[in-house]
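Engineer: Show me how the following folds:
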Amino acid sequence: MIAWNLSRQMAAAKAAAAIFFILLAGAVAGAQALSVLPVTIPLSPGQKTTSLTITNKGTTETAVQIRPYAWTQKSDNGDIQLTPTNLVVLSPPLARIAPGASQVIRLILRMTPETQEATYRILIDQVPPPAEAGVVHVVLRLSIPIFAPPPIRSFSDVQFHIERDADHIYLVALNAGNLHDVVRDIALTTSDGRKLEVESGATPYILSGATRRWRIVLKEPLPLQADTLRLTAKTDAGVIDEQVRIVAAR
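Structural biologist: Residues are numbered from 1 along each chain as shown. The predicted structure is shown next:
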């Protein structure tokens, strides 16, 4: 099982193009540029086929390898976990793309989900070109999420609470629904109006059945009688504005 923090790659993918430059003393850097559309693949219930397009925006031919993975989340912090899968077929899995040209990648889902959304990711890796004296080639990896919903009524159901132990305090979210959700712009406020800092930078997704934890940075103690905090956030399902309980860590 492979785990990566892909937030930076995801940000690059959402821009639909990424260019990396490295400048080294006494050496020239080789820059590559790829764009991918779409940057997220939401399938319809029962849909088994779709495609994406990779475009080479660089000035030289480039080769890419495309591989499918089942996508889950760690139960402690929600980090991405990727496991090779044969439930998604990609054609072609390898391609050479001339400068300015595009390659269509066809995707086939072998099995449609029955009751819970299936989630996958496609990793697109540039193949390093042959070595050249005095040139450093920087290659690109892009990660494209795939969401395959079940044919039944589907929705996310994210439930929040605060966990604290002797050393730390966390915002915890459990998605009890059968679809993923996306949580952004999280803010926590104490009963006396103080804003609490919530660690950011992790993936905003909460997959179906997954648990996410965000560490809360306490610069001063909570009020002695604090048993709830006010949570505000934005999700795909709507705006959150609620009181969340503080409980002892399990």
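
Engineer: pLDDT weak spots in this structure?
Structural biologist: The model of the chain has pLDDT under 70 over residues 1-32, 75-78, 131-137, 201, 224-225, 249-250.

Engineer: Mind doing that once more with 80?
Structural biologist: 1-32, 74-79, 129-139, 165-167, 200-202, 220-226, 248-250 (pLDDT under 80).

Engineer: Centre-most residue in the chain?
Structural biologist: Closest to where the C-alpha atoms of the chain average out (Cα atoms, centre = their mean) is T203, at 4.8 Å.

Engineer: Can you give me the domain assignment for the protein?
Structural biologist: 2-148, 158-248 (automatic domain parsing).

Engineer: Next, the distance between the ends of the shortest one.
Structural biologist: It refers to domain 158-248. Terminal residues of domain 158-248 lie 20 Å apart, using Cα to Cα, to the nearest Å.

Engineer: I'd like the distance from that domain to the chain centre, please.
Structural biologist: On the basis of Cα atoms, centre = their mean, to the nearest Å, domain 158-248 sits 19 Å off its chain's mean C-alpha point.

Engineer: Please report how far the residue nearest to the centre of the chain lies from I97.
Structural biologist: As for T203, its distance to I97 is 28 Å (criterion: Cβ to Cβ, to the nearest Å). In short, each C-beta sits where N, CA and C put it, glycine included.

Engineer: Over to V138?
Structural biologist: Counting by Cβ to Cβ, the gap from V138 to I97 is 17 Å.

Engineer: The two - which one has more neighbours?
Structural biologist: I97 (19 against 14; other Cβ atoms under 10 Å).

Engineer: what are the bridge partners for the nearest residue to that one once chain neighbours are set aside, then?
Structural biologist: In space, and not counting its chain neighbours, I97 is closest to N56: 4.1 Å by Cβ to Cβ, 6 or more residues apart in numbering. Here N56 sits in beta bridges with L34, going by DSSP bridges.

Engineer: Contacts for stretch 104-112 next, please.
Structural biologist: Under the criterion Cβ atoms under 8 Å, 6 or more residues apart in numbering, residues 41, 43, 45-54, 66, 68, 86-92, 95, 118, 122, 146, 148, 150-151 lie in contact with stretch 104-112.
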